[in-house]
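> here is a sequence with its predicted model. Questions after.
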Amino acid sequence: MQSRVNRRVFLRSVAAALAAGTALPLLQACSGSGSNPTPTAAGGTGAPPEPTATGATTPMAQASPSPAAAATVTPVARGTVGGSLTVYSGRSESLIGPLMDQVQSALGIDVRVRYGDTAELAAAILEEGGQSPADLFFAQDAGALGALAREGRFIELDSDLLERVEPRFRSRQGLWVGISGRARTVVYNTDQLTESDIPASILDFPGDERWRDKLGWAPTNGSFQAFVTALRVLRGDDAARSWLVGLKALGTRAYENNTAIVRATIAGEILAGFVNHYYLLREESQAGRDLPAANYFYRNGDPGALINVAGVGILASGRNQEQARALVDYLLTPAAQRYFAEQTFEYPLIDDVSPSPALVPLGEIQTPDIDLSDLDDLQGTLALLQDVGLL
Amino acid sequence: MAIGIGKAQARTKQARRRPWYGRLGAPTLIVAPAGSLAALSLIPLVYLVVRALGGGEQTLATLWRGRTLDLIQNTLVLTAAVTGCSAVLSLPLAWLTTRTDLPARRLWSVVAAMPLAVPSYVGAFTVVAAFGPRGALQRLLQPLFGVERLPEIYGFTGAWLVLTLYTYPYMYLSLRGVIGSLDPALEEAARSLGHGPWSTFLRITLPQLRPAMASGALLTALYVVSDFGAVSLLNYDAFTRVIYNQYRLAFDRSGAAGLALVLATLTLVIVGVDRAWRGPHRYHRSSSGASRPPRRVRLGRWTPVGLAYCGGLALLTLGTPLAVIGYWVVQALQSGNPLALTWRAAWHSTSVSLLAAALSVAAAFPIAVLLVRYSGWVGRLVEFPLWVSYALPGIVTALALVSFGARYLSPLYQTLAMLLLAYLIRFLPEAVGSVRASLLQVSPHVEEAARSLGHSPLRVWLRVTAPLLWPGITSGGALVFLTTMKELPATLLLSPIGYETLATEVWNATRELFWSHAALPAFLLFLVAALPMAILLWRQQPTEWAGTPVSGGGERQTRATGSNW
């Protein structure tokens, strides 16, 4: 298997070198729209001032890539890789668009990104099969990465890439690696609650009448799903079921996503909700002021202390694996990791970069003992949620 | 009365005395393109069958989980409720704007169709923001009446409300086209025979509206079946939501395919019911003499009621989303974020939607001809796959084309051509509906007359038939344009890489709470999507009495020919 991949990589690079001058411009011309993202000179290497997509959504200067740009295989400057790369990103353009622009200028790679919903893109990659134009998949959660890994769509990553993040945040088979961390928290309304009102374990919410009709969750949300899966893995199906049933019996309100929960909490529609940590930070950053809500972090290995990751995997069917590796490498450098800390308010996963001061440091959060790759079994969770009547 | 509604026998007679197509062997010209379009529309279905079979027992297990029956019931209840309410809502609206002296009725007739330009995900979002348990309305009522909480909006109520408010224009547009052009002679005859106004309305007017109602109802019903935005934001367990969840949560393509096949079957049932109810009627005038536009009803002291009705509905459907967009702008300005708008996205949306509209209308011709002039099993065979593809959730069609395109059309995959194909497959029935409605009112005798005067068939089509179909062409095109502007799932997966549209901009921005980035694209999306439809309706509004309704080609032609039937 390994040797086959290597040979393929070799053949690919030879073919790419030969074909780059003719085939690539041709292909791009064939794609017909005249709108291929081009290597713009946007942005320096520093993080842009806003978590906005200004750079990415500004109309590109040129209409089509120059053949020269696509054919640059020889390094022009130190660290420059050249070539092109197709990324399928379940992370939205507002979040990572500016970063992708940085990559363009830092590595000289013509990065073309298809933005979409993580699971829909995963489904698309599976449907495309060996014909997939994607070289790299940037997923919002570990579950989607696990699903593609299970189908054998990823190649194994180099250990020097993998080892930059803690083992708890990467695939044990080395098929994907986490890029940024997303902690589960309980967001609560600070006008009506204090930190001490939050129960010591997330499992203590059910059965407490104080919370009747006052909690929010998002049963269809991937992050919530991953949490329920973790609960099943950690405490067994029965415990997960009784937690769900208990909260449902309390009239816990279902929302479409974390955003809606945070807003409902701020509005006082509910007292607290189960979310990821960064939604509140983003809402506050947008509002430009403190809002009457706060995050409660579990730290003691409680199931509530789960930290999921957004991560990447390199597709076995990709034609630009060298560039894909260069991108993964770049995403794990301090510059890129600082971007996640400062702009998306997520946890950076490499040692040298510290998270936003508003967050509990990663080292202080003892996450539950779980392999994030195990979160790819959503089928059982789905069945459970359907059974309980939440889906 | 010689005017009126011919029954099935008349139709078969007409088919037997088939005009010039039969003799000239035109059917191949018609059947070949229509057949290929139907074959294209079959791609999603074939994909679903392959996927569902590939899942084997697992697919069955997903279907068997006992909830499928609930889903069918939920979906049908919602569909029936929305369709019924749309009819109830639209009938007075269409009547007020075409047959009364309502002040500014021209404006109202345009405004009444505009909710169609609001994407259901924006609509649902705004309805929650406005009428949610602690939404804007509650905050307004609290100081006045001490209302702590409004009734639950999530679930059936909300989904029903949102879908009714944003899809009733399908019904309204259908009804409006016909209600303004009904020949008053029938109603006058009924009155002269001693029927009161109500009895006349129920026994004469309403039956004449049946085909319009049927086509409006079909579009509404199938839109409801396929809609995802509203049911997911409002947590109503319709088929689409569960199918999406199957993809999103379980990465289970075969289970999703199984569910989608059940949905497709449901669609067939709905189309079948529609066909049965519609019946094989003829609606062009069959006697000599010309029809004339109806008399306007004076509203008198009822004028304020009429105004309140139109105004209230507009406030509800358009006021809330515009207010929410305004709120986004304020939020963005307060937080010092620049309002983002990319003209490139606006250009992409507009141009691709225009292309899709033109393509759909052109494709609608052969199908409409086949359906109207050659009724029978071929027509039905061609028509059903179109409707099924129309009613499938967007993600299913998109993934089917991903699978098909990557394998068999790889040079076209993720190009504009592929995207247009997806739009064509998804929205063709909207164009077919409009063109068909127009064609129904064109008597074949006009064409025969033109032929007998020595014109070639092609020339007859270009000089006689096409001009008569113009209202149907334009309204069908406007409808497809508008729907394409709002389209999301296929655009995300099948567009050329980096091809952002207004819809993807809004989606991208709201997904991550960047209101400042959502506001302008959302506003522009609404504006551009609504524009062609608005112009069309404005121009088609009879200023005096010269009614040229959406599908009123028949009226003009009968006046022109006075054909002796």
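Received it, and whenever you're ready, just let me know what you need.

> please export the C-alpha coordinates of stretch A:174-194 as PDB.
Coordinates of each C-alpha in stretch A:174-194 appear next as PDB, following Å, rounded to 0.1, in the frame of the first residue of the first chain:
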ATOM      1  CA  GLY A 174      -2.100   9.100  11.600                       C
ATOM      2  CA  LEU A 175      -4.700   9.800   8.900                       C
ATOM      3  CA  TRP A 176      -5.700  13.200  10.000                       C
ATOM      4  CA  VAL A 177      -4.500  15.900  12.300                       C
ATOM      5  CA  GLY A 178      -6.300  18.500  14.400                       C
ATOM      6  CA  ILE A 179      -5.600  22.200  13.500                       C
ATOM      7  CA  SER A 180      -7.700  24.000  16.100                       C
ATOM      8  CA  GLY A 181      -9.500  23.000  19.200                       C
ATOM      9  CA  ARG A 182     -13.200  23.500  20.000                       C
ATOM     10  CA  ALA A 183     -14.200  23.000  23.700                       C
ATOM     11  CA  ARG A 184     -17.700  22.100  24.700                       C
ATOM     12  CA  THR A 185     -19.000  24.500  27.300                       C
ATOM     13  CA  VAL A 186     -22.100  25.500  29.100                       C
ATOM     14  CA  VAL A 187     -23.100  29.000  28.100                       C
ATOM     15  CA  TYR A 188     -25.200  30.700  30.800                       C
ATOM     16  CA  ASN A 189     -27.000  34.000  31.300                       C
ATOM     17  CA  THR A 190     -25.000  36.100  33.800                       C
ATOM     18  CA  ASP A 191     -28.000  38.300  34.700                       C
ATOM     19  CA  GLN A 192     -29.800  35.300  36.200                       C
ATOM     20  CA  LEU A 193     -27.000  32.800  37.100                       C
ATOM     21  CA  THR A 194     -23.600  32.700  38.600                       C
END
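
> which strand or helix spans B:Leu354?
Using DSSP states H and E, B:Leu354 sits within helix B:343-373.

> my read: B:Leu494 touches B:Ser403, true?
No: under the criterion of Cβ atoms under 8 Å, B:Leu494 is not in contact with B:Ser403, lying 11.3 Å apart. Every residue, glycine included, has its C-beta placed from N, CA and C.

> count of neighbours near residue 350?
The chain I'm using is chain A. A:Ile350 has 16 neighbours, counted by other Cβ atoms under 10 Å in any protein chain shown.

> hmm, no, I was thinking of chain B.
When neighbours are counted by other Cβ under 10 Å, B:Thr350 comes out with 19.

> dump the residue contacts of the nearest residue to it once chain neighbours are set aside.
Leaving aside its sequence neighbours, B:Thr350 sits nearest to B:Val528 (Cβ to Cβ, 6 or more residues apart in numbering or on different chains; 5.7 Å). Contact analysis of B:Val528 by Cβ atoms under 8 Å, 6 or more residues apart in numbering or on different chains lists B:346, B:349-350, B:485, B:502.

> below-threshold pLDDT in chain B: ranges please.
Applying pLDDT under 70 to chain B flags the ranges B:1-27, B:65-66, B:133-136, B:139, B:146-150, B:279-294, B:335-340, B:375-376, B:512-516, B:541-565.

> quick one: stretch B:361-377 to chain centroid distance?
Chain-centre distance of stretch B:361-377: 18 Å, with Cα atoms, centre = their mean, to the nearest Å.

> and what of stretch B:526-533?
15 Å.

> which residues in the stretch 451-565 of chain B form helices?
Applying DSSP state H, counting those that start in this stretch to the stretch 451-565 of chain B gives helices spanning B:457-460, B:466-486, B:489-494, B:502-511, B:515-540, B:553-561.

> what's the angle from the fifth one to helix B:502-511?
It refers to helix B:515-540. Angle, helix B:515-540 to helix B:502-511, by axes from the mean of the first three to the mean of the last three Cα atoms, to 10 degrees: 140 degrees.

> just the angle between helix B:515-540 and helix B:466-486, please?
170 degrees.

> burial of B:Gln73, as a residue count?
11.

> now name the helix or strand holding it.
Going by DSSP H and E, B:Gln73 is part of helix B:67-99.

> close to chain B, is whichever strand or helix holds A:Gly273?
In the assignment (DSSP H and E), A:Gly273 maps to strand A:272-276. No: Strand A:272-276 lies apart from chain B when judged by Cβ under 8 Å from any Cβ of the partner chain; the minimum separation is 12.1 Å.

> the helix or strand just after that strand packs against which elements?
The first helix or strand that comes after strand A:272-276 along the chain, using DSSP H and E, is helix A:278-287. Packing partners of helix A:278-287 (3 or more Cβ pairs under 8 Å, 6 or more residues apart in numbering or on different chains; DSSP states H and E): strand A:177-189, helix A:258-267, strand A:293-296, helix B:320-334.

> need those in TSV (columns: distance to B:Thr474 and mean neighbour count).
Shown next, in TSV, are the helices and strands packed on helix A:278-287 (distance: least, Cβ to Cβ, whole Å; neighbours: other Cβ atoms under 10 Å in any protein chain shown):
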stretch	distance to B:Thr474	mean neighbour count
strand A:177-189	50	25
helix A:258-267	40	24
strand A:293-296	51	21
helix B:320-334	26	18
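
> buried stuff in whatever helix or strand B:Trp160 lives in?
For B:Trp160, the host element (DSSP H and E) is helix B:156-179. Neighbour counts over helix B:156-179 (16 or more other Cβ atoms under 10 Å in any protein chain shown) mark B:156, B:158-179 as buried.
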